[in-house]
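Asker: Pasting a predicted model and its sequence here:
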Amino acid sequence: MRGGAVAIGNFDGVHLGHARLIETLRSEARRLAGPAIVFTFDPHPARFLRPDRTPPPLSWIERKAELLGDLGVDAVIAYPTDETLLRLDARTFFRQIILGRLAARAVVEGVNFFFGHDRSGDVALLGKLCDEAGISLKVADAVAVDGEIVSSSRVRRLIAEGRVGEARQMLTEPYRIRGTVARGVGRGATLGFPTANVHEIDTLLPGEGVYAGRVWVEGVPWPAATHLGPNRTFDEQKSHLETHLLGYRGDLCGRRIEVDFIERLRDTERFDDVGRLVAQIHRDVADTRRIMLKKGSELFFEETTGRNGACRPEK
């Protein structure tokens, strides 16, 4: 993995700005006949420096690597963040990591790139160091959507507000979280809509609401209606995530699943009686089916997905 083109950064969420940078990275790698490498940090350095003020990430490291791999990166190096790394000044980081460990022949970054202790190095310094070392530097242009630069912070704000459809227009893939299914009280099943109650979520949760999306079970996607927030009809105060997989009949308790948020359907609300709640859930499921199974959509997949012999649900 040495001797190629390198991009350094957090790449949280992997959005369209990252995609443009990776396109330039791959071009440089082809020119050099070397690998296209992303060097990232796990965890984000801010979690060491400002743990009380660091928002949850948009993606976990394996998901980040998957998304970057889909863009054509040859390898993702997830450098373990520690005090030694954070103490390196910009010049030492460049000498030890970019030249010493990676033997980079080209570096590709965005216009707002900072590196080294206290973010002391910027693109101008990086350009000077690259010139001194005889390697090339390419600075990728930012990407704008609706007149505003696409950034991880902008995507994070939209997701926190529940505007997952808008966020999806800036991401390379729909926003996804992962978690472990814990056994609940079984109320959904008694209403005719069994749900998976998802816990141990380690990334940013969208704002409260009901969403159309899909759930991945061992790599198989299922259309799913997801409720995030308290069950106000039953006087619950605690917010939690529960998702109903359309057509799924297996027991997911204890299993890790991943949930995509495609479109927000409505706010959470309190219903005067259970009958009205059930009627609304029927509408939510119908809306989810319409959105996820719409022919001509890039999200379309057959409703029988996951029912073949290789991935048959548990009985």
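Answerer: Great, that's in hand.

Asker: Where does pLDDT dip in the stretch 151-300 of the chain?
Answerer: Across the stretch 151-300 of the chain, the ranges flagged by pLDDT under 70 are 235, 295-300.

Asker: all helices for it, in order.
Answerer: Using DSSP state H, counting those that start in this stretch, the helices assigned to the stretch 151-300 of the chain run over residues 152-160, 164-168, 187-190, 274-292.

Asker: Residues touching the second one, excluding its own?
Answerer: Contacts made with helix 164-168 from outside it, assessed by Cβ atoms under 8 Å, 6 or more residues apart in numbering, are listed as Val155, Leu158, Ile159, Pro174, Tyr175, Pro206, Tyr211, Phe261, Ile262, Glu263, Arg264. Where you see a C-beta, it was placed from the backbone N, CA and C, and this is true even at glycine.

Asker: Equivalent analysis for the first one, please.
Answerer: Outside of helix 152-160, the residues that reach it under the criterion Cβ under 8 Å, 6+ apart are 10, 12-13, 15, 55, 58, 148, 164, 166-167, 170-171, 175, 204, 206-207, 261.

Asker: Narrow those to those in strands?
Answerer: Glu148, Tyr175, Phe261 (DSSP state E).

Asker: Go through the residues you listed and name the one nearest Leu191.
Answerer: Phe261 (22.4 Å; Cβ to Cβ).

Asker: how many neighbours does the residue nearest to the closest one when sequence neighbours are not counted have?
Answerer: With Cβ to Cβ, 6 or more residues apart in numbering as the criterion, Phe261 has its nearest non-adjacent residue at 4.2 Å, and that residue is Val164. The number of residues packed near Val164 is 24, by other Cβ atoms under 10 Å.

Asker: and the contacts of helix 164-168 as TSV, adding distance to Leu86 and neighbour count?
Answerer: Shown next, in TSV, are these (distance: Cβ to Cβ, whole Å; neighbours: other Cβ atoms under 10 Å):
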residue	distance to Leu86	neighbour count
Val155	25	27
Leu158	30	21
Ile159	28	24
Pro174	33	18
Tyr175	29	25
Pro206	31	23
Tyr211	37	28
Phe261	33	25
Ile262	38	22
Glu263	40	16
Arg264	38	22
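
Asker: Make CSV out of these and add distance to Val278.
Answerer: Compiled in CSV, the contacts of helix 164-168 are given as follows (distance: Cβ to Cβ, whole Å):
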residue, distance to Val278
Val155, 35
Leu158, 31
Ile159, 29
Pro174, 28
Tyr175, 28
Pro206, 24
Tyr211, 19
Phe261, 23
Ile262, 23
Glu263, 22
Arg264, 21
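
Asker: Which single one of these is nearest to Leu277?
Answerer: In terms of Cβ to Cβ, no member of the contacts of helix 164-168 lies closer to Leu277 than Tyr211, at 17.0 Å.

Asker: Quick check: that closest one touching Leu265?
Answerer: Yes. Contact between Tyr211 and Leu265 holds when scored by Cβ atoms under 8 Å: they sit 6.2 Å apart.

Asker: Are there residues contacting both of the two? Which ones?
Answerer: Joint contacts of Tyr211 and Leu265 (Cβ under 8 Å, 6+ apart) are Ala225.

Asker: This structure: strands as residue ranges?
Answerer: Using DSSP E, the strands found in the chain span residues 5-8, 36-42, 75-80, 106-110, 136-140, 144-145, 148-149, 175-182, 196-199, 209-217, 220-229, 240-245, 256-266.
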